[in-house]
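[1] have a look at this fold, sequence not included:
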């Protein structure tokens, strides 16, 4: 399995730098202020701490596995940090803007879009790179993946709201 080398130290550093750049771009374009960015960063930290237990749960219940990861049976910490920056951190900031503009309706659309696109992404990766990610029997693994993406959105929006307050509390940002 040549995919074992995918999580090399070099890959992890490059991946982390790339996801930091994407997160930085979302911070810039969303015009988030320090309090909102702090909330998004806290959501990244919380989700990073939840990532390995979620993946261990998935493996234990034959929902998904990472065949290229043997000991531990999940990706390394820097990959989790990068994933959290890419998805949780950016969703926290995008969700903030959507809530300011569209209210709860915008957040519900965000939840639906993230869950569907996230599942498509995960199952596409599993189809193309089966030695990197493998799903268990359907439909259980699909529902579990959708639930995992719902947790991503809940952590992103919930932790950010606890740290930075509701979107309506922010001063009006000029468009």
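    All right, it came through fine. Not measured: the values here are computed from a predicted model.

[2] wait, residue 82 touches residue 22, no?
    No - with contact taken as CB atoms under 8 Å, residue 82 and residue 22 are classed as non-touching, separated by 9.4 Å. The C-beta positions use only the backbone N, C-alpha and C, and glycine is treated the same way.

[3] looking at these two, which one has more neighbours?
    residue 82 (26 against 14; other CB atoms under 10 Å).

[4] any idea how far residue 89 is from the more buried one?
    Taking CB to CB, to the nearest Å as the measure, residue 82 falls 10 Å from residue 89.

[5] list the buried residues in the longest helix along the chain.
    Ranked by residue count and defined by DSSP state H, the top helix of the chain is helix 34-60. Neighbour-count burial for helix 34-60, counted by 16 or more other CB atoms under 10 Å, picks out 36-37, 39-44, 46-48, 50-52, 54-55, 58-59.

[6] spatially nearest residue to residue 77 (excluding sequence neighbours)?
    residue 48 (7.5 Å; CB to CB, 6 or more residues apart in numbering).

[7] confidence score at the one you found?
    As predicted, residue 48 sits at a pLDDT of 94.

[8] please give me every residue in contact with it.
    By CB atoms under 8 Å, 6 or more residues apart in numbering, the contact list for residue 48 reads 77, 80, 81, 84.
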